[in-house]
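In: Structure for this input, please:
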Amino acid sequence: MVFTPVKDGNLPDFQELYIEFFRELRGKQGWRPDEEESYRKEAETYFKRGDIIFLAYVKEPAGFIRLSSREGCYWVEEIYVRPEFRGLGIGRALVERAEEEVGKHDDSLYLFVLPQDKDAVAFWKRLGYDTINTIELVKNLKPTPRDSGFHTVELLGERFRIFRWKGEEFTEKEKRFMELLDEFYKKGGTKEEFLMLVNRALEGWLD
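Out: Residues are numbered from 1 along each chain as shown. Prediction:
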């Protein structure tokens, strides 16, 4: 297993992996991927602007990780390992190589993970990453097809919605919880009522 930065000579390997990453992601989401050439150009742009990109090789290109720097912070933008090479510790090794590089310049490494991607959330949690701060908000100024494509979740009693994914893997209990939440809020349930119900249930369990 070899890890190397992207250079002119191996840029095509990064481009192909980048295309595969988005092909898999869009498949999970149930969305149609863009044209391959647009992803190829994006990958070249990131390389030319100086993003931190490492490739993993197991005789052939096996995966990559890409980091960017924004406002003095380093962010993991994508990480991808080809399906046939998963389970070999390549993802972890790519992250460790990225952390080593970022550690020369800063003390923290950030990333965004979609809450529907439970495998990704679990992966980053295992590597010691924790959840902080960010919530994405949107206001649809006109009706959109997205309106019926959400699950209902909550944070401290506030109602939030996450996209339904074609490849999502929620447990039956998680699905039922989201269904109950959706019914609760549709019937006029409030944040205060939700917190009261949850607090009462937790107090009962602790007693």
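In: CA only for contacts and neighbour counts going forward, please
Out: Noted.
In: how about the strands in the chain?
Out: For the chain, the strands defined by DSSP state E occupy 2-5, 52-58, 60-70, 73-81, 109-111, 150-155, 158-163.
In: Dump the ones you listed into TSV; add mean pLDDT as well.
Out: Below are those laid out as TSV (pLDDT from 0 to 100):
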stretch	mean pLDDT
strand 2-5	95
strand 52-58	97
strand 60-70	96
strand 73-81	96
strand 109-111	94
strand 150-155	81
strand 158-163	79
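In: Kindly reformat those strands as TSV containing distance to residue 94.
Out: Putting the strands of the chain into TSV (distance: least, C-alpha to C-alpha, whole Å) gives the following:
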stretch	distance to residue 94
strand 2-5	8
strand 52-58	7
strand 60-70	6
strand 73-81	8
strand 109-111	13
strand 150-155	32
strand 158-163	28
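In: Now for residue 141, how many residues are close by?
Out: By the criterion of other C-alpha atoms under 10 Å, residue 141 has 6 neighbours.
In: OK, contacts around it?
Out: Neighbour list for residue 141: empty [criterion: C-alpha atoms under 8 Å, 6 or more residues apart in numbering].
In: try the one 10 residues further on
Out: Remark: with contacts taken as C-alpha under 8 Å, 6+ apart, residue 151 is in contact with 161-164, 178-179, 182.
In: hmm, 10 Å instead?
Out: Residues near residue 151 by C-alpha atoms under 10 Å, 6 or more residues apart in numbering: 116, 160-165, 175, 178-179, 181-182.
In: Against residue 79, how distant is residue 7?
Out: Counting by C-alpha to C-alpha, to the nearest Å, the gap from residue 7 to residue 79 is 18 Å.
In: let me fix that: residue 200
Out: Going from residue 200 to residue 79 by C-alpha to C-alpha gives 41 Å.
In: what's the answer for residue 175, then?
Out: Distance of residue 175 to residue 79, given as C-alpha to C-alpha: 28 Å.
In: Any regions of the protein where pLDDT drops low?
Out: For the chain, applying pLDDT under 70 flags the ranges 144-148.
In: Break it down into its structural domains.
Out: Following automatic domain parsing, one finds the domains of the chain at 2-126, 145-206.
In: so which of the ones you listed is the most packed in?
Out: With neighbours taken as mean count of other C-alpha atoms under 10 Å, the domains of the chain reach their highest mean count in domain 2-126, at a mean of 16.
In: Verify the stated contact: residue 166 with residue 27.
Out: Yes. The pair residue 166 / residue 27 is scored as a contact, 7.4 Å apart, by C-alpha atoms under 10 Å.
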